[in-house]
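J.: Got a sequence here, can you model it:
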Amino acid sequence: MEKALIIPTYLPTITTMAVLIRAHHVVVEIQDNYQKQSYRNRTYINTANGRLGLTIPVKHNHNTVRKKTADALIENNFLWQRQHWRSIQIAYRSSPFFEFYEDDLTELYHTEYEQLLDFNLKGIQLLFEMLNISKEFEMTTAYEKKPKSSDFRRLANAKKSNIPVAMPEYDQVFTQTTGFNGQVSVIDLIFNEGPNAVTFLQNLPVDQLK
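T.: Take a look at the predicted model:
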């Protein structure tokens, strides 16, 4: 896959991360209109009680003009980062590789960000560093309905969670009690599989989603 067009999301799903890894060049969509109830400000993790959603609070726009994703601002009036990090620690502290990657990811939750875009891009950057992968990124300058790059923007739509990709099962912390769930953030895969996560992502058949 030469170029992949994606919307930057909060600690991307396994499917989205597979697209990012498979692409030689990543184009980041920043000219789209911000949409509520999407992976732009939401991610999911596996816990002892099943799948848990973590949502970044975004400031409401009372203007009639729709804001772009690049203009979405985070509401930092309460300690949501501390809550999210605590939830991640509780969910994955017994996973095989959590202690190995914990220090790499903690930076994301101990630095305050004003813009959602900056937070999401930093999260993606940290994930690539955790996996020892380098990638070229470029930002869009205009919104294109029919882009030249392979279009994966729909993966940011949280309402379309059942993406038709064959997801092999891997060992998850709570599989025996809650069953396998692959519709979660890629951190679930990384904390459970460690360096093997790269091979797993490279083998996912994401080309069919173009």
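J.: need the longest helix for the protein.
T.: helix 116-130 (DSSP state H).
J.: what's next to that one, contact-wise?
T.: Identification of contacts with helix 116-130 by C-beta atoms under 8 Å, 6 or more residues apart in numbering yields 8-12, 17, 20, 28, 30, 40-41, 56, 58, 69-70, 72-74, 101, 104-105, 107-108, 111, 113, 134-135, 137, 186-187, 190. Heads up, the C-betas are built off the backbone N, CA and C, glycines and all.
J.: With only the CA atoms kept, save it in CSV.
T.: Output of helix 116-130 as CSV, limited to C-alpha atoms (Å, rounded to 0.1, in the frame of the first residue of the first chain):
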residue,chain,number,x,y,z
LEU,A,116,-7.5,17.1,20.1
LEU,A,117,-5.5,16.7,16.9
ASP,A,118,-2.2,17.3,18.8
PHE,A,119,-3.1,14.7,21.4
ASN,A,120,-4.1,12.1,18.9
LEU,A,121,-1.0,12.6,16.7
LYS,A,122,1.2,12.4,19.8
GLY,A,123,-0.5,9.1,20.8
ILE,A,124,0.1,7.6,17.3
GLN,A,125,3.7,8.8,17.4
LEU,A,126,4.3,7.1,20.8
LEU,A,127,2.7,3.8,19.4
PHE,A,128,5.1,3.8,16.5
GLU,A,129,8.0,4.4,18.9
MET,A,130,6.8,1.5,21.1
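J.: In helices only, show me the contacts of helix 116-130.
T.: Residues from the contacts of helix 116-130 lying in helices, with DSSP H as the criterion: 17, 20, 101, 104-105, 186-187, 190.
J.: Which residue ranges of the protein form strands?
T.: 3-6, 25-28, 42-47, 50-55, 136-139, 150-151 (DSSP state E).
J.: With mean pLDDT and mean neighbour count as new columns, can these be given to me in a markdown table?
T.: Listed next are the strands of the chain as a markdown table, based on pLDDT from 0 to 100; neighbours: other C-beta atoms under 10 Å:
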| stretch | mean pLDDT | mean neighbour count |
| --- | --- | --- |
| strand 3-6 | 93 | 22 |
| strand 25-28 | 94 | 19 |
| strand 42-47 | 96 | 22 |
| strand 50-55 | 95 | 14 |
| strand 136-139 | 90 | 12 |
| strand 150-151 | 92 | 19 |
